[in-house]
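Undergrad: Just the structure for this:
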Amino acid sequence: MKILVGYKGVNVGKALLEIAGAQAKAFGGEVLVVTSMVGGGRGEQAKVLEAEANLEKAKKYFDGKNIACRTHLLIRGLEAGEDIVNFAGEKGVEQIIIGVRSRSKVGKLLFGSTAQIVILEAQCPVLTVK
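TA: Presented below is the predicted three-dimensional model:
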C-alpha cells in the first residue's frame with residue numbers, strides 16, 4: 001500500500017507522520033512524504049532549503065521505525081492541492097493523508113483550500129487530520 005502524506009513540517013505535521021506510520025505498519029505499506037511548492041526561484045531558496053530539511057526529518061522518523069519511506073519536494077508550477085492529486089495518480093497512491101487548518105468560511109471561499117482540492121479531486125481515499 002502506498003500512502004502519500006502532504007507535509008509542510010508544521011502545525012499537525014507530527015500527527016500526520018504518526019498516523020501514516022500506523023497505517024503503513026498495519027498494511028505493510030510505503031510512505032511517500034510530499035511537499036509541494038509553486039515557485040522555487042532564487043528568491044525562495046530559503047523556503048526550498050527549509051522544505052528539504054523538513055522532509056529529511058520526516059524520513060528519519062520513518063527510518064527509525066523501519067517503515068519504507070521516500071520524500072519528494074515538488075516544484076512543478078502547480079498549486080499544492082492539484083500537484084498532490086496529480087503526483088498521487090502518477091505514483092499509484094492508495095491513500096492520501098493531509099492536515100487541515102481551521103480558517104474562517106470567508107477565507108476558504110476567497111482563497112480555496114489545499115485540503116479541499118485534494119478531497120474533491122483525489123482518485124483514492126483521503127484522510128484529513130486536524
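
Undergrad: Would you state the strands of this structure in chain order?
TA: 2-6, 30-37, 69-75, 95-99, 126-129 (DSSP state E).

Undergrad: Quick check: mean pLDDT of the longest one?
TA: Model confidence over strand 30-37, given as mean pLDDT, is 96.

Undergrad: try the shortest one
TA: Strand 126-129 carries an average pLDDT of 92.

Undergrad: what's the answer for the first one, then?
TA: Looking at strand 2-6 alone, the average pLDDT works out to 97.

Undergrad: Pick the most buried one from the strands of the chain.
TA: strand 2-6 (a mean of 25; mean count of other C-beta atoms under 10 Å). Glycine gets a C-beta too; all of them are placed from N, C-alpha and C.

Undergrad: Read off the pLDDT value for Val118.
TA: pLDDT at Val118 comes out at 94.

Undergrad: That one touches Val85, doesn't it?
TA: Yes. Using C-beta atoms under 8 Å, Val118 is in contact with Val85, at 5.8 Å.

Undergrad: what residues are up against Gly29?
TA: Residues near Gly29 by C-beta atoms under 8 Å, 6 or more residues apart in numbering: 1-3, 23, 67-68, 94.
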